[in-house]
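Asks: Mind folding the following:
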Amino acid sequence: MVRTTIARTLATLALGAGSLMGVQLAATQSASAQALSISCGAVGVELELCKAGVEAWSKDKDVEVEIVSTPNSSTERLALYQQILAAQGDDIDILQIDVVWPGVLAPHLVDMRAHNADAGTGHFEALIDNNTVDGKLLALPWWTDAGVLYYRADLLEKYGFEPPTTWAQMTDAAKTIMEKERAAGDDDLWGYVWQGKSYEGLTCDALEWVDSYGGGAIVNAEGEVTINNPKAVEALEMAASWVGDITPQGVLNYDEEASRGVFQSGNAVFMRNWPYAWALAQGDDSPIKGKVGVVALPKGGEDGGHTGTLGGWNLAVSKYSKNPDLAVDLALFLTSQAQQKQRAISSSYNPTYPELYADAAVLEANPFFGTLEETFTNAVARPSAVVGDKYNRVSSQFWSAVHGVLAGQQEAGPALAGLESSLTRLGRRGRW
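Replies: A predicted model of the protein is given here:
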């Protein structure tokens, strides 16, 4: 008889080796009698959707699957995975992993195409490239994210602006509307809010600025540190010019929710955020319901490009699974186009198949999805696949350098020159 069980939740995981060992043991004891186990997040409806998908797959199979609810904190979840995998434990067969983890966990994951030659077919190419390390496809895209630009459609219409296609257009519209609305008495309105806190979110924002100007990535696919270039300098100088002008000084402490709070309360004309903010901005309790539009992030001038930092989650299979073929089969089912269509319609999860952004049922449920295909097609990946387990150090050095520029502590040129030197030393023999 097919039976899907929900394992002991790991969401209360505390940091520290002792706590991690206790959690690992609990997972091992619970999962040892199962044919398969899969880790799923529990943010919002994630866990329920995971359970429904697993039940659909196992309906006609004589397989028991245990669903392990992992910590919502990405830091804690990665720490748990790293300890289990380092011990070569088979506690979890299928792991839900962040888009920046394939390179970090690469030694412990199976090559999906070694078990199914068609694995990865049809997904956005940028996602497959991101999940491929040393020629091996280590994870299947489950849902995706990329940075997008939110705008107050009512205010743009009021002052005769179209949704901007370049950063210069966005800056001009933001400044004009902010000044006119303030003159009319709305002293709390700002032109543009985003994620300026010194954390991973700033890496995402800053990489979008740099890539939109044609400044490339931090480290390119060949392992060369490329961040110190004139286009990247221009991009950071642009962003620094916003702070204290169209952007509040407090943005240097904003994360996603802080910037959403300002925008959703009606106190910003534009906002950079992930697609999740759409449903919240359109909620019944939102002061700006029905007044919001979403477009691709602006280009860095007419010669630049629309881009968005790649985000999202994937499914990977542990190299230590006792049933890797079965695990890959379940991962393929859960990440299939049919399953992703259901998730998009019911819960606004962004699919990883380009065709679904033109699907009538998906667009009826999520009208703004139709504007995002180009964003996901051209999404820029953080260099986790190239730098591997040193990604966190690379990212922290990048966001620290950028934060210093935004705070006026250093000019963009010297900051990126120093970053280049530091990352080159961190790499292997001057490169990655």
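Asks: mind checking the SS state of the residue nearest the centre of the chain?
Replies: Among the residues of the chain, the smallest C-alpha distance to the mean C-alpha position (Cα atoms, centre = their mean) belongs to G311, namely 1.9 Å. Of the three states, G311 takes strand according to DSSP: H, G, I helix; E, B strand; the rest coil.
Asks: Pull the contacting residues for it.
Replies: If you count contacts by Cβ atoms under 8 Å, 6 or more residues apart in numbering, G311 has them with V99, T144, D145, A146, G147, C204, W274. No exception for glycine: its C-beta is placed from N, CA and C like everyone else's.
Asks: so can I have a markdown table of those residues showing pLDDT, distance to E374 and secondary structure?
Replies: Putting the contacts of G311 into a markdown table (pLDDT from 0 to 100; distance: Cβ to Cβ, whole Å; DSSP: H, G, I helix; E, B strand; the rest coil) gives the following:
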| residue | pLDDT | distance to E374 | secondary structure |
| --- | --- | --- | --- |
| V99 | 93 | 19 | coil |
| T144 | 92 | 13 | strand |
| D145 | 89 | 15 | strand |
| A146 | 90 | 10 | strand |
| G147 | 94 | 13 | coil |
| C204 | 94 | 18 | helix |
| W274 | 89 | 16 | coil |
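Asks: okay if I get these as TSV plus distance to Q169 and neighbour count?
Replies: Written out in TSV, the entries for those read as follows (distance: Cβ to Cβ, whole Å; neighbours: other Cβ atoms under 10 Å):
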residue	distance to Q169	neighbour count
V99	29	24
T144	27	27
D145	24	23
A146	20	27
G147	17	25
C204	22	26
W274	22	20
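Asks: nearest to G290, of those residues?
Replies: Top of the list for closeness to G290, among these and by Cβ to Cβ, is W274 at 20.7 Å.
Asks: Contact partners for E200?
Replies: S395, W399.
Asks: Let me know the pLDDT of it.
Replies: As summarised for this prediction, E200 has a pLDDT of 88.
Asks: do you know how far it is from I67?
Replies: Computed with Cβ to Cβ, to the nearest Å, the distance linking E200 and I67 is 27 Å.
Asks: Quick one: residues contacting K299.
Replies: Contacts of K299 were listed using Cβ under 8 Å, 6+ apart, and they are T165, T166, W167, S212, G305, H306.
Asks: what number of residues lie near the fourth one?
Replies: Think S212. Here the neighbour count serves as a burial measure; for S212 (other Cβ atoms under 10 Å) it reads 26.
Asks: Equivalent analysis for the fifth one, please.
Replies: By the measure other Cβ under 10 Å, the count of residues near G305 is 17.
Asks: Can you name the next helix or strand after the helix or strand of the chain with the lowest mean pLDDT?
Replies: Of all the helices and strands that make up the chain, the one with the lowest confidence by mean pLDDT, DSSP states H and E is helix 17-31; it has a mean of 35. Counting by DSSP states H and E, the next helix or strand C-terminal to helix 17-31 is strand 36-40.
Asks: now for that next one, which elements pack on it?
Replies: Contact here means 3 or more Cβ pairs under 8 Å, 6 or more residues apart in numbering; DSSP states H and E; on that basis strand 36-40 packs against helix 46-58, strand 64-69, strand 94-98, helix 324-334.
Asks: what do you get if the cut-off is 10 Å, keeping everything else the same?
Replies: Secondary-structure packing of strand 36-40 (3 or more Cβ pairs under 10 Å, 6 or more residues apart in numbering; DSSP states H and E): strand 3-6, helix 17-31, helix 46-58, strand 64-69, helix 74-86, strand 94-98, strand 310-317, helix 324-334.
Asks: now these as TSV including distance to Q195?
Replies: Rendered in TSV, the data for the helices and strands packed on strand 36-40 read as follows (distance: least, Cβ to Cβ, whole Å):
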stretch	distance to Q195
strand 3-6	34
helix 17-31	29
helix 46-58	22
strand 64-69	27
helix 74-86	15
strand 94-98	17
strand 310-317	12
helix 324-334	30
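Asks: To L155, which of these lies closest?
Replies: Taking Cβ to Cβ as the measure, these were each checked against L155, and strand 310-317 came out nearest at 27.4 Å.
Asks: For that closest one, list the C-alpha coordinates in PDB.
Replies: These are the backbone C-alpha positions of strand 310-317, laid out as PDB (Å, rounded to 0.1, in the frame of the first residue of the first chain):
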ATOM      1  CA  LEU A 310      18.400  34.500 -10.800                       C
ATOM      2  CA  GLY A 311      16.700  33.200  -7.700                       C
ATOM      3  CA  GLY A 312      14.500  30.200  -6.900                       C
ATOM      4  CA  TRP A 313      14.600  26.600  -5.700                       C
ATOM      5  CA  ASN A 314      15.600  23.300  -7.200                       C
ATOM      6  CA  LEU A 315      15.500  19.600  -6.500                       C
ATOM      7  CA  ALA A 316      18.700  17.600  -6.200                       C
ATOM      8  CA  VAL A 317      19.400  13.900  -5.400                       C
END
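Asks: what mean pLDDT would you report for it?
Replies: With pLDDT averaged residue by residue, strand 310-317 scores 94.
Asks: quick one, that strand and helix 46-58 angle?
Replies: Angular relation of strand 310-317 and helix 46-58 on a 0 to 180 degree scale: 40 degrees, by axes from the mean of the first three to the mean of the last three Cα atoms, to 10 degrees.
Asks: A407 versus the nearest residue to L315 once chain neighbours are set aside, what's the distance?
Replies: Of all residues not flanking L315 in the chain, A331 sits nearest, at 4.3 Å (Cβ to Cβ, 6 or more residues apart in numbering). Per Cβ to Cβ, A331 is found 43 Å from A407.
Asks: The chain: strands as residue ranges?
Replies: Per DSSP state E, the chain carries strands over the ranges 3-6, 36-40, 64-69, 94-98, 132-133, 136-137, 140-146, 148-152, 190-193, 268-273, 292-295, 310-317.
Asks: least reliable of those going by mean pLDDT?
Replies: strand 3-6 (a mean of 49).
Asks: Out of the contacts of K299, which sit inside helices?
Replies: Of the positions in the contacts of K299, W167, S212 sit in helices, assigned by DSSP state H.
Asks: which among the contacts of K299 gets closest to W57?
Replies: Taking Cβ to Cβ as the measure, W57 lies nearest H306 of the contacts of K299, at 36.4 Å.
Asks: Quick one, grab the pLDDT at A106.
Replies: Model confidence at A106, expressed as pLDDT, equals 93.
Asks: residues in contact with it?
Replies: By Cβ atoms under 10 Å, 6 or more residues apart in numbering, the contact set of A106 is V133, D134, K136, L138, A139, A316, K319, S384, A385, G388, D389.
Asks: Which entries within those residues meet the buried criterion?
Replies: Of all the contacts of A106 considered here, the ones buried according to neighbour count by 16 or more other Cβ atoms under 10 Å are V133, L138, A139, A316, K319, S384, A385, G388.
Asks: Noted, bye for now.
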